[in-house]
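In: model this:
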Amino acid sequence: MFDVSFSLRHDFARVWALASEKLTSLEIGYVSSVMVTELLSPNFEVPQSANRIQPSILPNIHKLSLSVDYITDAMVGTISKGLTSLTHLDLRDAPLIEPRVTFDLTNSGLQLINQHGKLKHLSLVRSQEFLFTYFKRVNDLGLLLLADKCEKMESIFLGGFCRVTDTGFKTILHSCSTLYKLRVSHGTQLTDLVFHDISATSLSLTHVSLRRCTLLTNHAVTNLASNKDLKVLDLRDCRNLGNEALRAIGNLHNLKTLLLDGSDISDLGLSYLRPRVISSLITLSVRGCKKLTDKCISALFDGSSKLALQELDLSNLPNLSDNGVLLLARSRIPLLELRMRQCPLIGDTSVVVLASMLVDEERWHGNCLRLLDLFNCGGITAVAFRWLKKPYFPRLRWLGVTGCVNRDTVDVLARSRPYLHVSCHGEELGAEQWDTGDDFHMHDYDEMDELEQWLQEGDYESGDEEMVGAENVAEAME
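Out: Got it, this is the predicted structure:
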């Protein structure tokens, strides 16, 4: 991936001209839309150089991913016309100021997409990173024009199309008979009607993301659940979803990722996942679901065995306490990532319990966790840091805490564990979670961790008195 935000235009043009004609995939972290339009234009001339290199129009590019200042009609048209082999197009912009009509995407620009008919994966996203804005010059007509060109599309991601209504989105669904991945974010006019008759289509959706589509209710999820092969379901910030939606989701026995942040679900609703869904889930997020209490842990995991769950987000739950973490530890789920940020009732006891947790009789105390986020948890004091040092949590690679608890203690911990990334400022750990690709986010754990290092060096015998305390806690959990 290239970031050319600090490159001079003529310098990058020379680099562009060196690109091999055999190049099939290109990702650029940031580039201006004007530069993209110029460089892909067949009439563009590279500044004179000693070798008089002629520019390549990248005839074999199949996958193009660009982060730009503005997605414009001119850029989209140039890409679609010039890259004849393109099958994947991913464009994302983050405007600093409101785009003018000449520097924006309009209905006419959407009509230019997929001129060669080979496109299978399309992503057009306007980010609100710097400015709350959206594609103001695209409405239902634009999506009707796009639908004529997307018969063979398999994956579509539309973000920031706030003027598009049910008519536009429904046209896309009914036109793309091979579609299996659908992602819509900030679909502020998208309602249940889009999915009313989805069971009558030939669609077999496996990945659906409807983040911040705030008009959706339980009825939409009930209809979506007719796709029994769903593996990923992202319903973050759909505030009107409640227990009836979970009752429908409870029949999706192939579901791997379920994100329910900010919904109106309760402990009872989560119990609907236990019979068929919880055993297949790898990622579950209920961040900000204010009605949940400690009982949600029992509702999910009581009586369950051989769970595949690796990532659990319990952040911003005002009624989750140390008792809930104790119930979680008793379930002996081999979690890799546990997020409990901004839970005011979580304290030192939770850290002790997790440090003492044994997944099975042959594994080390707390050894499975690779990521633990405790930022702004109300009861965390310096006592918890005694349980975050060796030999506890030997595989931990990311830790989120509140630095103001004791900055010196945090610094000592960070220096004593060189493999551990300690975050004190509230940022999300790792990459932007679950937003880096079509599938759910997983960290790369290939490099050696502390446990493996200790085993190789023989530095795993400890006389630490706290180990005795850990064993006592473990016995209490049995």
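In: what about the residue lying closest to Asn218 once chain neighbours are set aside, how many residues close to it?
Out: Using CB to CB, 6 or more residues apart in numbering and skipping the chain neighbours, the partner closest in space to Asn218 is Glu244 (4.0 Å). Every residue, glycine included, has its C-beta placed from N, CA and C. Neighbour count for Glu244, taken as other CB atoms under 10 Å: 16.
In: please name every helix or strand in contact with the helix or strand that Glu244 is a member of.
Out: Using DSSP states H and E, Glu244 sits in helix 243-249. Under the contact definition 3 or more CB pairs under 8 Å, 6 or more residues apart in numbering; DSSP states H and E, helix 243-249 sits against helix 218-224, helix 267-271.
In: in the last one, what counts as buried?
Out: The neighbour-count check on helix 267-271 (16 or more other CB atoms under 10 Å) flags 267, 269-271 as buried.
In: related to what we said a few turns ago, let me see the mean pLDDT of the helix holding Glu244.
Out: For helix 243-249, mean pLDDT rounds to 98.
In: over to stretch 344-360?
Out: 88.
In: just stretch 223-234 next, same as before
Out: For stretch 223-234, the per-residue pLDDT averages 96.
In: and it, how far apart are its ends?
Out: Taking CA to CA, to the nearest Å as the measure, stretch 223-234 stretches 15 Å from start to finish.
In: buried residues, the one helix or strand Ser123 maps to. List them.
Out: Using DSSP H and E, Ser123 maps to strand 121-126. Neighbour-count burial for strand 121-126, counted by 16+ other CB under 10 Å, picks out 121-126.
In: closest to Leu216 out of the residues you listed?
Out: Closest to Leu216 out of the buried residues of strand 121-126 is Val125 (19.1 Å), distances taken as CB to CB.
In: next up, the contacts around that closest one.
Out: Residues counted as contacts of Val125 (CB atoms under 8 Å, 6 or more residues apart in numbering) are 91-93, 157-160, 185.
In: of those, which belong to strands?
Out: Within these, residues falling in strands by DSSP state E are 91-93, 157-159, 185.
In: let me have these in CSV, extended by pLDDT and distance to Thr171.
Out: Shown next, in CSV, are the ones in strands among the contacts of Val125 (pLDDT from 0 to 100; distance: CB to CB, whole Å):
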residue, pLDDT, distance to Thr171
Leu91, 97, 21
Arg92, 97, 23
Asp93, 96, 24
Phe157, 98, 17
Leu158, 98, 12
Gly159, 97, 18
Ser185, 97, 19
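In: turn the residues you listed into a markdown table, including distance to Val412 and neighbour count.
Out: As requested, these are exported to a markdown table (distance: CB to CB, whole Å; neighbours: other CB atoms under 10 Å):
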| residue | distance to Val412 | neighbour count |
| --- | --- | --- |
| Leu91 | 46 | 24 |
| Arg92 | 40 | 19 |
| Asp93 | 43 | 25 |
| Phe157 | 44 | 20 |
| Leu158 | 48 | 25 |
| Gly159 | 43 | 22 |
| Ser185 | 41 | 22 |
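In: still on that earlier bit, now the contacts of Val125 as TSV including distance to Leu314?
Out: Shown next, in TSV, are those (distance: CB to CB, whole Å):
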residue	distance to Leu314
Leu91	35
Arg92	30
Asp93	34
Phe157	28
Leu158	30
Gly159	27
Gly160	29
Ser185	23
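In: with those residues in mind, which one is nearest to Asn316?
Out: Proximity of the contacts of Val125 to Asn316 was ranked by CB to CB; the top entry is Ser185 with 19.9 Å.
In: tell me the contacts of that closest one?
Out: 125, 157-160, 209-213.
In: could you redo the last one with a cut-off of 7 Å?
Out: Counting by CB atoms under 7 Å, 6 or more residues apart in numbering, Ser185 touches 159, 211-212.
In: tell me the buried residues in stretch 183-197?
Out: For stretch 183-197, the neighbour count (16+ other CB under 10 Å) marks 183-187, 189-195 as buried.
In: can I get the CA coordinates of that stretch in CSV?
Out: Extracted C-alpha coordinates of stretch 183-197, given in CSV (Å, rounded to 0.1, in the frame of the first residue of the first chain):
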residue,chain,number,x,y,z
ARG,A,183,-23.0,-3.4,3.5
VAL,A,184,-24.8,-0.1,4.0
SER,A,185,-23.7,2.5,6.5
HIS,A,186,-25.5,5.8,7.4
GLY,A,187,-28.5,4.7,5.4
THR,A,188,-30.7,7.2,7.2
GLN,A,189,-33.7,6.6,4.9
LEU,A,190,-33.4,2.8,4.7
THR,A,191,-36.4,1.1,6.3
ASP,A,192,-37.8,-2.4,6.9
LEU,A,193,-39.5,-2.3,3.5
VAL,A,194,-36.2,-3.0,1.7
PHE,A,195,-36.2,-6.5,3.1
HIS,A,196,-39.9,-7.1,3.1
ASP,A,197,-39.9,-9.7,0.3
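In: CSV for the helices and strands packed on helix 243-249, including distance to Val401?
Out: Formatted as CSV, the helices and strands packed on helix 243-249 follow (distance: least, CB to CB, whole Å):
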stretch, distance to Val401
helix 218-224, 36
helix 267-271, 27
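In: out of these, flag the one nearest Asp140.
Out: helix 218-224 (18.8 Å).
In: check the gap between Lys149 and Ala74 for me.
Out: 18 Å (CB to CB, to the nearest Å).
In: swap that for Ala248, sorry
Out: Separation of Ala248 from Ala74 (CB to CB): 44 Å.
In: that older thread, who does the helix or strand following the helix holding Glu244 touch, helix- and strand-wise?
Out: Counting by DSSP H and E, the next helix or strand C-terminal to helix 243-249 is strand 257-259. Under the contact criterion of 3 or more CB pairs under 7 Å, 6 or more residues apart in numbering; DSSP states H and E, strand 257-259 touches strand 232-234, strand 283-285.
In: tabulate those strands (a markdown table), appending distance to Leu179.
Out: A markdown table is the format used below for those (distance: least, CB to CB, whole Å):
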| stretch | distance to Leu179 |
| --- | --- |
| strand 232-234 | 14 |
| strand 283-285 | 23 |
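In: nearest to Tyr134, out of those?
Out: strand 232-234 (19.3 Å).
In: just checking: what are the partner strands of the closest one?
Out: strand 207-209 (parallel), strand 257-259 (parallel) (DSSP bridges).
In: picking that back up, JSON lines for the ones in strands among the contacts of Val125, including distance to Ser65?
Out: Converted to JSON lines, those look like this (distance: CB to CB, whole Å):
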{"residue": "Leu91", "distance to Ser65": "8"}
{"residue": "Arg92", "distance to Ser65": "8"}
{"residue": "Asp93", "distance to Ser65": "13"}
{"residue": "Phe157", "distance to Ser65": "12"}
{"residue": "Leu158", "distance to Ser65": "16"}
{"residue": "Gly159", "distance to Ser65": "14"}
{"residue": "Ser185", "distance to Ser65": "17"}
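In: from these, which is closest to Asp234?
Out: Nearest to Asp234, judged by CB to CB, of these is Ser185 at 9.1 Å.
In: state the distance from the closest one to Ser315.
Out: Between Ser185 and Ser315 the distance is 20 Å, computed by CB to CB.
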